[in-house]
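K.L.:
Curious how this folds, go ahead:
(chains A and B)
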Number of protein chains: 2
Amino acid sequence: MALAMLTRQALRAGSLCSRAAASRPAKVVVGRAPVAQRFLAVVGAAPKGKTPPPPPPQEPDLDDDLGEGDEEDYYDPMEELNTAQRRRVLAMKEVQRLYDGLQREYQAELAQLQSKYNAKYAPLYDERRELFSGKKAVTDKFDLEDDGEPDGPIPDFWLNALANHNKIGPFITERDSEVLKYLEDIRSEVLVGEERGFKLTFHFKADNPHFTNSVLEKVYLLEPEDDVVPKAFTGTVINWKEGRDVTVEEQKRRVKAPKGDKSKPAFVVEKVPCDSLFTIFDPPKVPTEADAANMSEEELEEVEDALSNDFEIGFAIKDQVIPRAVEWFTGEIAPLSPEDYDDEYEEGEY
Amino acid sequence: MALAMLTRQALRAGSLCSRAAASRPAKVVVGRAPVAQRFLAVVGAAPKGKTPPPPPPQEPDLDDDLGEGDEEDYYDPMEELNTAQRRRVLAMKEVQRLYDGLQREYQAELAQLQSKYNAKYAPLYDERRELFSGKKAVTDKFDLEDDGEPDGPIPDFWLNALANHNKIGPFITERDSEVLKYLEDIRSEVLVGEERGFKLTFHFKADNPHFTNSVLEKVYLLEPEDDVVPKAFTGTVINWKEGRDVTVEEQKRRVKAPKGDKSKPAFVVEKVPCDSLFTIFDPPKVPTEADAANMSEEELEEVEDALSNDFEIGFAIKDQVIPRAVEWFTGEIAPLSPEDYDDEYEEGEY
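P.N.:
Numbers count the residues shown, from 1 in each chain, chains lettered A, B, ... in the order given. Okay, the predicted model is just below:
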């Protein structure tokens, strides 16, 4: 039912919408090799509409070596090569290093190009802010009949734009949404110095009762050869006002009474981390190869999930929400309406 | 078990590997609005490590309007706005059109930049081809002791490179792999004229017994504002030699004997389409809004899956396999070994 409903909505919304959503995807590959490889496995989804796909071809003469469950016996084409051929592979790897050098130059030029266009987009983003904040008068009637209601800002513009994005909305809690009502603007900046990556800047209204910062920044540093390999993520420390920190919740914990004291056990109230979009401002460290070797499967997976979600959120804000915020606000390029989210969960599709 | 094995493999492979895989992801949004919106839903995966995520926030005063199962009652922030505010939204949409114009200019400049770097990469790709094909002598011993075996080409270089990629390998059938043994090189080209997009060129060896073409081309035309929105895909018509077409299989079909003829029922042999990587050279048409309206759910989903897989394959070849083919060949940046594929399927994780 969710699918059928979605299509009808899409068709209806489509009549408003002159073009499709910009959708640059955001998959994370952590910079250090072993983690990166697990990441590729984590993000590598099954091909759509084909289950199960056939395994990749194996050389027939290798079949004997592929004892299932024997971790040493995995397919390695290098093992089939003689010394002269192995030298050819190593020579190709030297060529690959030359490619890497050119690729770093390309990424630097790309950052310059993107920065040049960001400067061209900025006046349009300024004008958009003047429009949704109610500061700039709109003289065109757009063929709409007056309803006598007063002009004014569009409420919760950014909250709705973010919530309608299927990579971001699911991370916004009820408590987050109270804070995001005070979000005034989001901008992005491409790093053009020695480092590759981008910075998001979140501007909050002066009357925000939740924290004292007027601007929160989030920086995504990426590996210099490739704009999808995380190097380090950093965020502004948020100065939450008393009792307003939405990234923690208070839990009572029973504490043992001192020996001999038979009175009722006492409780302490502790602040424990909880789900919140604002956790992206305190991201985990990107693990190095050495870090990864010292982590358990579960720890590694947890960090990878956190980084992967964080990067997807950052990428979606930079490449999709900021450039077309009005269309995310109206929902015309939003993939799912709130009921569809509910339906999907009920049907266990997530 | 698959996960633990994968990590150990990754760590082992990591020692060979000085950097992580380039992994630009490839999600498809079909160009026409309604299809695009369904696409976003199809490709919109659940956040990693969070099930189920909370639904996006709803304005409290809208709750009464959100009757579940009523397809007309989906959340539309526009309905909450008065006329003056709606005019603000429409004014923002006019600003959005100005953004689209700049974005088209950006995509054209980006294509120029990529084309400039493709020209710089070409000599490195030439040298790589000379190395794996055995044409160029390798004088460096790379500290490997001679084993007395003769020098020669590296067998099945491209077949292995493609098969090791988790977005491509699953589409390569046993019959495809026989054809791909004759694949000599793959190159990509960025379109820099009026159209946006890219072209892949597959060069086959002269002794290929499967078809007469020496070169197969695949063109991915994309929407001018955005390099991830398909406009049209086209491929070279393959001149298969008799009985060699791997995109069809022969099936016997019983045919009714003519009336009155009591002899045994006859069979006809029919060629029916089957799975093959080579189906990307005969891709489905990207449906227009009008097409989509006339298609059933199932038809639409089938076309979307085919286009989505096709685009992911093309993107992966262009951005991942061609730039780092030697690392895909050795498997050092491959996410899964053949046994892991098997394990995953057995465990029903796909």
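
K.L.:
my read: A:Glu217 touches A:Thr201, true?
P.N.:
Yes - because the distance of 5.5 Å satisfies C-beta atoms under 8 Å, A:Glu217 is recorded as touching A:Thr201. (Glycine included, C-beta is placed from N, CA and C.)

K.L.:
which residue ranges form the helices in the stretch 201-350 of chain A?
P.N.:
A:289-293, A:297-316, A:325-330, A:338-346 (DSSP state H, counting those that start in this stretch).

K.L.:
residues touching A:Phe267, list them.
P.N.:
Shown in contact with A:Phe267 (C-beta atoms under 8 Å, 6 or more residues apart in numbering or on different chains): A:252-255.

K.L.:
mind running it again at 10 Å?
P.N.:
Counting by C-beta atoms under 10 Å, 6 or more residues apart in numbering or on different chains, A:Phe267 touches A:251-255.

K.L.:
Over to A:Leu98?
P.N.:
By C-beta under 10 Å, 6+ apart, A:Leu98 lies in contact with B:120-121, B:123-124, B:127.

K.L.:
Need the buried ones from these selected in ChimeraX.
P.N.:
Per 16 or more other C-beta atoms under 10 Å in any protein chain shown, the buried members of these correspond to this ChimeraX selection:
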select /B:121,124
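
K.L.:
in the stretch 1-150 of chain A, which ranges drop under the pLDDT threshold?
P.N.:
The stretch 1-150 of chain A contains residues with pLDDT under 70 at A:1-75.

K.L.:
returning to what we had before: what residues are shared contacts of A:Glu217 and A:Thr201?
P.N.:
A:189, A:236.

K.L.:
In helices only, show me the contacts of A:Leu98.
P.N.:
Assigned to helices by DSSP state H, the following of the contacts of A:Leu98 qualify: B:120-121, B:123-124, B:127.

K.L.:
Which phi and psi values does the residue of the stretch 101-250 of chain A found nearest chain B adopt?
P.N.:
Closest contact between the stretch 101-250 of chain A and chain B, by C-beta to the nearest C-beta, is at A:Pro170 (3.0 Å). Main-chain torsions, A:Pro170, degrees, to the nearest 10: phi -60, psi -20.

K.L.:
most neighbours, which of the contacts of A:Phe267?
P.N.:
The most neighbours of any of the contacts of A:Phe267, using other C-beta atoms under 10 Å in any protein chain shown, belong to A:Gln251, which has 12 neighbours.

K.L.:
thinking again about what came up before, the residue of the stretch 101-250 of chain A closest to chain B reaches A:Asn309, doesn't it?
P.N.:
Yes - the pair A:Pro170 and A:Asn309 qualifies as a contact (C-beta atoms under 10 Å) at a distance of 9.3 Å.

K.L.:
So for the two, which residue has more residues nearby?
P.N.:
A:Pro170 (27 against 24).

K.L.:
Distance of the more buried one relative to B:Leu277?
P.N.:
35 Å (C-beta to C-beta, to the nearest Å).

K.L.:
Can you mark which positions in stretch A:289-303 are buried?
P.N.:
For stretch A:289-303, by 16+ other C-beta under 10 Å, it's A:289, A:291-292, A:295, A:300-301, A:303.

K.L.:
Next: stretch A:182-202.
P.N.:
Buried residues in stretch A:182-202 (16+ other C-beta under 10 Å): A:182-191, A:196-200, A:202.
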